[in-house]
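Undergrad: build me a structure from this.
(chains A and B)
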Amino acid sequence: MLRRMVLSAAAAAAPCLRNAALLGPGALQATRIFHTGQPSLAPVPPLPEYGGKVRLGLIPEEFFQFLYPKTGVTGPYVLGTGLILYSLSKEIYVITAETFSAISTIGLLIYVVKKYGASIGEFADKLSEQKIAQLEEVKQASIQQIQDAIDTEKSQQALVQKRHYLFDVQRNNIAMALELTYRERLHRVYREVKNRLDYHISVQNMMRRKEQEHMINWVEKHVVQSISAQQEKETIAKCIADLKLLAKKAQSQPVL
Amino acid sequence: MNENLFASFAAPSMMGLPIVVLIVMFPSILFPTPSRLINNRLISIQQWLIQLTSKQMLAIHNQKGRTWALMLMSLILFIGSTNLLGLLPHSFTPTTQLSMNLGMAIPLWAGTVITGLRYKTKASLAHFLPQGTPLPLIPMLVVIETISLFIQPMALAVRLTANITAGHLLIHLIGGATLALINISATTAFITFIILILLTILEFAVALIQAYVFTLLVSLYLHDNT
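TA: Numbering: from 1, shown residues only, chains lettered A, B, ... in the order given. Below you'll find the predicted structure:
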């Protein structure tokens, strides 16, 4: 507290020291140190899994070990028998009706425990196993789910890497389609031009043929007109004389 | 030690101090609280048994009746454990005392009746008259049903007391008979001892059954009234 007063007085005296005064309480607490030792609760030591060893279901093994150096193996048994016989003989423990009911009850209990004890223990262990297995199953299912998600993600990433193949194929397809259209159109142009040129050629041919035919007809007409009647008779007589000569030649030749 | 038949039923006191309170509180030590996810064998088996019993017992109740779950389960656990512990030699069974059984039966029964009268007044009053009774019989039947209603807590308490007390008495008597017959004829004593063993088996069953019957009847009264 005195320190705080000193600091606030210093702050009042010099304004630049006001920050130090604000830190005053904190500075006071900082001189005390907390939590020096180890935290005492963690880690918790593990519990023993099985109970201590007992003989006759009642007496711990340590008692027998305790008596062993002095009285050997039979020591505790002799002690127990002696105590029982002493209490019976001195009537410290009186045999009454209750003794027989005790014998029957305890005998029944020991019989049931010996016969069914292990199986009941196993049943209890099975209950715990089931509980743990259920929770483990949930954990495993969750891990499996996440693993599947990771695998799916990885395969998706791999697919993304290979996406460029798809784009290449598409690009090639488009290029081929463009090329095809271009060539088709080129061919069409060629055909149209050829059609027109063919038309002109056939027109020319037709004109020439018509002219030829016209000329031939004109020449024939004039030639036929120029043949007089006299010339026609002479020509026919010569043809008949030639034919007769040929016939004679043909008759003299052997028939082949 | 025990001189007469009444000694084992007297309120136990050690050096003048009544320790019956300690004896009544003792069975609660035998039901440890489950503190971890996986417990030891005792707690696992107890948990499993309590789950089994509570599921079976509370199946017939509606939402309102199931608020009594803790009460019914602690009732059956207390009566069952007290009865079973009473079978050990030289032990005192609190449920042999009519005072304690009345103290358990009357408040529980009164609770069910008052719940019924408060929330379903007409329906719970209608229980006094069974369906289909001919008209002249009605006044007499209402009186009979009222008497049977008011005898329910008495029946609960006396049933439990009588059963457990009778069982303990029989064990004591037949034990005494065995003791007396040993000097006379060993064979008869042996036969009597066999009878004693059979009786002990019966008493174990009776201990559990009586607990169950008590709780079941309380739950039935509850079912009528919720």
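Undergrad: wait, does the host helix or strand of residue A:148 contact chain B?
TA: Element membership for residue A:148, per DSSP states H and E: helix A:97-161. Yes: judged by Cβ under 8 Å from any Cβ of the partner chain, helix A:97-161 and chain B are in contact via A:97-102, A:104-108, A:120-121, A:123-125, A:127-128, A:131-132, A:135. For glycine as for every other residue, the C-beta is placed from the backbone atoms N, C-alpha and C.
Undergrad: make a ChimeraX selection of whichever of those turn out to be buried.
TA: The ChimeraX selection below is limited to those of those classed as buried (16 or more other Cβ atoms under 10 Å in any protein chain shown):
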select /A:97,98,99,100,101,102,104,105,124,127,128
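Undergrad: show me where the chain has helices.
TA: Picking chain A for this. Assigned by DSSP state H, the helices in chain A fall at A:2-13, A:18-22, A:24-30, A:61-71, A:75-89, A:97-161, A:163-226, A:229-252.
Undergrad: meant chain B actually
TA: Under DSSP H, chain B gives helices at B:20-25, B:41-58, B:69-85, B:98-119, B:121-126, B:138-184, B:186-225.
Undergrad: how about the ones you listed in CSV, adding distance to chain A and mean pLDDT?
TA: Formatted as CSV, the helices of chain B follow (distance: least, Cβ to the nearest Cβ, whole Å; pLDDT from 0 to 100):
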stretch, distance to chain A, mean pLDDT
helix B:20-25, 17, 88
helix B:41-58, 4, 91
helix B:69-85, 10, 90
helix B:98-119, 22, 89
helix B:121-126, 41, 80
helix B:138-184, 3, 88
helix B:186-225, 5, 81
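Undergrad: tell me which of these sits nearest to residue B:35.
TA: helix B:41-58 (8.4 Å; Cβ to Cβ).
Undergrad: any buried residues in the closest one, and which?
TA: Counting neighbours by 16+ other Cβ under 10 Å, helix B:41-58 gives B:43-47, B:53-54, B:57-58 as buried.
Undergrad: in the stretch 151-256 of chain A, what residue lies closest to chain B?
TA: Among all residues of the stretch 151-256 of chain A, residue A:151 sits closest to chain B, at 31.9 Å; criterion: Cβ to the nearest Cβ.
Undergrad: what is the neighbour count of residue B:176?
TA: Residues lying near residue B:176 (other Cβ atoms under 10 Å in any protein chain shown) number 17.
Undergrad: again, but for the one 10 residues further on
TA: Taking other Cβ under 10 Å as the criterion, the count of residues near residue B:186 is 10.
Undergrad: pLDDT score assigned to residue B:137?
TA: Note for residue B:137: predicted pLDDT of 84.
Undergrad: what about it, how many residues nearby?
TA: 11.
Undergrad: over to residue B:114?
TA: 12.
Undergrad: kindly report the same for the one 5 residues further on.
TA: Per other Cβ under 10 Å, the neighbour tally for residue B:119 reads 12.
Undergrad: measure it to residue B:112 for me?
TA: Applying Cβ to Cβ, to the nearest Å, the value for residue B:119 to residue B:112 is 11 Å.
Undergrad: likewise residue A:98?
TA: 39 Å.
Undergrad: equivalent analysis for residue B:75, please.
TA: Taking Cβ to Cβ, one finds residue B:75 at 13 Å from residue B:112.
Undergrad: now do residue B:148
TA: 15 Å.
Undergrad: and the two? Which one has more around it.
TA: residue B:112 (22 against 11).
Undergrad: grab the nearest non-local neighbour of that one.
TA: In this structure, residue B:112 finds its nearest non-sequential neighbour in residue B:221, 4.3 Å apart by Cβ to Cβ, 6 or more residues apart in numbering or on different chains.
Undergrad: count of neighbours near the one you found?
TA: Neighbour tally, residue B:221, other Cβ under 10 Å: 21.
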